[in-house]
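*Asks:* model the structure of this input:
(one chain, ligands or ions: 2)
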Amino acid sequence: MKILYKNSIDELILLAMESDIARKGDYLLIHDEKINKKMIVQIYNEEYLSSQSLIEDIVKDEVVVASSVENLHDPLDIGKLSRMIRDARLFRTKIRASIDSESKFSNEITWLPSRVDSKINRMRISEINNLVKRTGIYSIHLGNSGWDDEQFEIFADDLDGKLNIVTGKKESGKSHLTKLLIKALVEYGAFVIVMDLNNEYGGLAWNRDGTQSALHKQITILEPGDGLGFSLDYCGKAAISSMLKNALDMPAASLREFIRIWDWLENKNTLDIEALGNAINTWNTNELVRDALISRYHSICSSGLFVGTPTVNHEGLRFESLTARKNQGLALILNMGKAMPVVRRMIVELVLTKVVELLGRDIIPPIFLFAEEAHLYVRDTYWEDIITRMRHFGIYATFITNQPDAISDGIYRQVDNIFLFNFTNDTDLDKISKVSLADSDTVKSIVRTLPQRQCLVIGKVVRDLPMVAKITSSNLMALGQTKTFFKAKASVQGISSIT
Ligand SMILES: Nc1ncnc2c1ncn2[C@@H]1O[C@H](COP(=O)(O)OP(=O)(O)OP(=O)(O)O)[C@@H](O)[C@H]1O
Ligand SMILES: [Mg+2]
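*Replies:* Numbers count the residues shown, from 1 in each chain. Ligands and ions are numbered 1, 2, ... in the order given. I've put the predicted structure just below:
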């Protein structure tokens, strides 16, 4: 490889011959031996070397070959040279960093390597890691770098306290990667809450062959009516009021009346679902307010999110008991696949307000929150709340979505890590290239051609050097595949050719 020219402020174009093997996303080290400085560049695109005369030559040659009957006489094998030139490629690279003669690493590049004296070699992931000191205690193995012998890992330390986004088109492997992250976090003892829209994360408890996974005891699957039920008392006035206001659109006047009823029941020590219903029916108030209260009460009852009078054996869900019992790490999977949209919003309001309250009182450890397609059930303002206010309380969010434009720019501005799978749609690519932490040429060019199950990792986990990772498969049970009609039909008929 040789340096050909510099294109813009941060772009070097390299000439590669047939034997120079490197791929998009690879890092190259350009060592200028004369001044003993090194430059790190990343390939973001590969093209043919093409000039008008080269193209004319290729056409002429084809015409000659097609029209001549006898073999061309070429004793000096000139044709080989010309074939090599035709197969020469250009690597478009972005300058990422430089290492000066004292081995000091910096992102400031104010020099140009020599075209004559520079040696260019592909960098291994381990070399890059050493250079940028990408190490940590809690390693998460994600796969390889695309070269089979190079493992790719990130560190849970770099997810701690951070905001992450996993995005890519449908079926690109987002949920699979998220499961790997959750598995590792739980193994390291973290407390994870997953808002699961496709009821697929329960698969973390099982191996593919149907046996229990190593994580089995640390996975708790909750769903409205089945484990995900709170007592009114535990939720508290604040959480219930915010649920009524934000998820059930309760008008202010009715909310004030509700709070009066609540206080009255609390004073009488009879705060439970049944007593609340009776009180609403007999409360002395105007008809409009009563109607508003009754309709919300029905939503509360039919949501399945509340247990009746708490008993010793059945006190409803308490986050602090779960974290205390499973101090080895825990993933709390909130199955919302079958819940109505309004119930999903109620779950989010209740869970987040309660968890923030418990975190504020230091009763539970910080939480890693994974939200799939959160725009479908999280209020717009909540997004920003989660990343600003809640982050300080100890809720570290990862949003998983196939619609990058569903996430507001305010959030992108604060994001620490992005796991970017393939996008081919121009609108999505434009959006993600504008807001991501890497330059838009790299994102557009690499992401457009990423194969399924490979992703571009950007941000703090890779010390701001974007890297392509081929995500490993896992032995965990994969739930949540798209349900198909013909596959089901074929299996009923015993046809195995459709897989
Ligand atoms: N690295 C991988 N190795 C093996 N299988 C994988 C890998 N990544 C994804 N898969 C499989 O490919 C399928 C689609 O992956 P996944 O459900 O993660 O995609 P997705 O991006 O979350 O899709 P959707 O947008 O529909 O939610 C799943 O069956 C999953 O098990
Ligand atoms: Mg998914």
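*Asks:* for residue 213, see how far away the closest residue to ligand 1 within the stretch 201-350 of the chain is.
*Replies:* Residue of the stretch 201-350 of the chain nearest ligand 1, by C-beta to the nearest ligand atom: residue 203 (8.9 Å). Any C-beta I mention is one placed from the backbone N, CA and C, and that applies to glycine too. Going from residue 203 to residue 213 by C-beta to C-beta, to the nearest Å gives 9 Å.
*Asks:* mutual contacts of these two, please.
*Replies:* Common contacts of residue 203 and residue 213 (C-beta atoms under 8 Å, 6 or more residues apart in numbering): 476, 477.
*Asks:* quick one: which helix or strand includes residue 442?
*Replies:* helix 440-448 (DSSP states H and E).
*Asks:* same check, this time on residue 92
*Replies:* Secondary structure assigned from DSSP H and E places residue 92 in strand 89-99.
*Asks:* any residues touching the helix holding residue 442, and which ones?
*Replies:* 11, 24-25, 42, 44-45, 92, 94, 420-424, 429, 432-434, 436, 456, 458, 466, 468.
*Asks:* go on, stretch 60-78?
*Replies:* Outside stretch 60-78, the residues that reach it (C-beta under 8 Å, 6+ apart) are 79, 82.
*Asks:* what is the rounded mean pLDDT of that stretch?
*Replies:* What stretch 60-78 shows for mean pLDDT is 77.
*Asks:* how far does it sit from the chain's center?
*Replies:* On the basis of C-alpha atoms, centre = their mean, to the nearest Å, stretch 60-78 sits 55 Å off its chain's mean C-alpha point.
*Asks:* tell me the angle of the strand holding residue 92 relative to helix 440-448?
*Replies:* 120 degrees (axes from the mean of the first three to the mean of the last three C-alpha atoms, to 10 degrees).
*Asks:* tell me the helix or strand right after strand 89-99.
*Replies:* Counting by DSSP H and E, what follows strand 89-99 is strand 105-106.
*Asks:* partners of that following strand, with directions?
*Replies:* Strand pairing for strand 105-106, using DSSP bridges, gives strand 89-99 (antiparallel).
*Asks:* next SSE downstream of the helix or strand harbouring residue 331?
*Replies:* Here residue 331, judged by DSSP H and E, is contained in strand 330-335. Following strand 330-335 in sequence order, the next helix or strand is helix 341-360 (DSSP H and E).
*Asks:* low-confidence ranges in the protein?
*Replies:* Across the chain, the ranges flagged by pLDDT under 70 are 72, 309-314, 326-327, 480-484, 486-499.
*Asks:* residue numbers of it in contact with ligand 1?
*Replies:* 168, 170-176, 402, 453, 471-473, 478, 480-481 (C-beta under 6 Å from any ligand atom).
*Asks:* who wins on neighbours among the residues you listed?
*Replies:* Among the residues of the chain next to ligand 1, residue 168 has the most neighbours (other C-beta atoms under 10 Å), with 27 neighbours.
*Asks:* residues touching the closest residue to that residue other than its chain neighbours, list them.
*Replies:* Ranked by C-beta to C-beta, 6 or more residues apart in numbering and with sequence neighbours excluded, the top spatial neighbour of residue 168 is residue 421, at 2.3 Å. Applying C-beta under 8 Å, 6+ apart to residue 421 gives the contacts 166-169, 172-174, 177, 447, 450, 452, 454-455.
*Asks:* residue 319 now?
*Replies:* Contacts for residue 319 (C-beta under 8 Å, 6+ apart) come out as 332, 354, 355, 358, 364.
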